[in-house]
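1. could you look at this predicted model? Sequence included:
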Amino acid sequence: MANINEKAPDFISTDETGKEVRFSSLFGRQKILLYFYPLDWSPVCSVQHKDFCAEYDKFEDADTLIVAVSTDHKFSHAAFKQNLGAKYILLSDPEKKVIKAYGVDFEGKQHSQRAYFIIDKQGIVRWKHVEESTGNKRSNGELLEALRSIK
């Protein structure tokens, strides 16, 4: 479980290119918005990702790297990322190891809950929000406000 003011759980996962990424290797440079989402191509997830892409420069201005995680395969991620024109990392977690480590498993489903974690440059969880329904999502404005409040 990832708790506020505690070290973010480390993990190794595969990105959309098939490259292994150790999460802790991303610490130190920027804040991280770790975003768990149910599925590539689903309506709400597609809207959320399109919103991220449309205002990606605002996340960069907030000194933030977006890292998105779902159970989808790297090939789905690669096509989804290309379709979106996304500039951020999509990680594949088909066995839900990362999802479970962060406490956002959707019991009985093949996907995660929709959830957001802000991790500071030292790798500490500073903010989190888990949606009650996968049909709900936070706006970029809400996320950017939370990001700007964290140094």
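-> Arrived safely.
2. excluding chain neighbours, what is closest to K97?
-> F11 (6.8 Å; C-beta to C-beta, 6 or more residues apart in numbering). C-beta coordinates here come from the backbone N, C-alpha and C atoms, glycine included.
3. I'd say that neighbour and K96 touch.
-> No: assessed by C-beta atoms under 8 Å, F11 is found out of contact with K96, at 11.4 Å.
4. related to what we said a few turns ago, what pLDDT does the residue nearest to K97 get?
-> F11 is assigned 98 on the pLDDT scale.
5. got it, and K109?
-> pLDDT, K109: 82.
6. where's the residue in the chain sticking out farthest from the centre relative to E132, distance?
-> Going by C-alpha atoms, centre = their mean, the residue of the chain most distant from its centre is G108, 21.2 Å out. According to C-beta to C-beta, to the nearest Å, G108 stands 16 Å off from E132.
7. and L91, by the same measure?
-> On the measure of C-beta to C-beta, L91 and E132 end up 24 Å apart.
8. neighbour-wise, which of those two wins?
-> Neighbour totals were compared for L91 and E132, and L91 leads with 23 against 8 (other C-beta atoms under 10 Å).
9. so the more buried one is in contact with V67, correct?
-> Yes: with contact defined as C-beta under 8 Å, L91 reaches V67; the gap is 6.4 Å.
10. list the contacts for R22?
-> R22 is in contact with D10, F11, I12, counting by C-beta atoms under 8 Å, 6 or more residues apart in numbering.
11. hmm, try it at 10 Å
-> R22 makes contact with D10, F11, I12, S13, according to C-beta atoms under 10 Å, 6 or more residues apart in numbering.
12. so which of those residues belong to helices?
-> Among the contacts of R22, no residue falls in helices (DSSP state H).
13. great, nothing more from me.
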